[in-house]
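> What follows is a predicted structure for the sequence shown.
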Amino acid sequence: MPTGHFQPPYPLDLTGEISAEIVDTGGSPTDVVRTGDNWGVDVRWILSGNLQAMIGGSWRLRLTLDELGASTKELITIPDLPLTPSNGDYAASIPVDPNQLQAVGAPRLFRALVTLQYLDLDGRPGPMAAYVDCGVVNLFPR
């Protein structure tokens with residue numbers, strides 16, 4: 001599972017880890033997907049340290065699919081996820097609509113990037129963010 005970079009505002013009192021993996025419908029890792037198939041990205045992140053239990057707000061998780069050799073970009077979002085100060089261990093899946101991306105005639109290659117952003121209690125972006133480069137997805141026609 002690819003790991004990413006987590007940037008907390010107070011590195012001595014707050015640390016984070018993030019990982020994400022492209023998966024097929026059954027949850028198996030994949031990097032080759034047929035047009036019309038269900039797939040997505042499973043993301044897991046951990047926030048720990050002395051300040052972890054004092055933070056409130058939510059997380060915004062996004063998947064950006066950037067087509068290689070073309071100007072096509074797709075942004076896939078899910079509803080914001082509440083912070084759970086008592087735990088600090090999070091997991092979410094970002095499903096990709098099987099009809100959102102099509103490959104007609106020839107395969108298409110997309111770089112998959114997951115971004116995570118902290119939102120404060122008022123829904124404003126806060127000083128924590130993370131990302132994972134999940135690598136390239138080969139989308140090919142049926």
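Arrived safely.

> just checking, T3 touches V132?
Yes. Contact criterion Cβ atoms under 8 Å: T3 and V132 qualify, at 6.7 Å. Any C-beta I mention is one placed from the backbone N, CA and C, and that applies to glycine too.

> Now the common contact residues for these two.
The contact sets of T3 and V132 overlap at 18-19 (Cβ atoms under 8 Å, 6 or more residues apart in numbering).

> So for the two, which residue has more residues nearby?
A side-by-side neighbour count of T3 and V132, using other Cβ atoms under 10 Å, places V132 first with 25 against 12.

> How about the more buried one: what's its closest non-neighbour residue?
Spatial nearest neighbour of V132, excluding adjacent residues (Cβ to Cβ, 6 or more residues apart in numbering): G4 at 3.2 Å.

> Okay, helices next: where are they in the protein?
Counting by DSSP state H, no segments of the chain form helices.

> pLDDT below threshold where in this structure?
Residues of the chain meeting the criterion pLDDT under 70: 10-12.

> center of it, which residue is that?
A centroid search over the chain (Cα atoms, centre = their mean) returns V114, at 3.2 Å, as the residue closest to the centre.

> Let me see the contact set for it.
4, 18, 20, 41, 43, 61-64, 94, 131-132, 134.

> now it: how far from L121?
According to Cβ to Cβ, to the nearest Å, V114 and L121 sit 24 Å apart.
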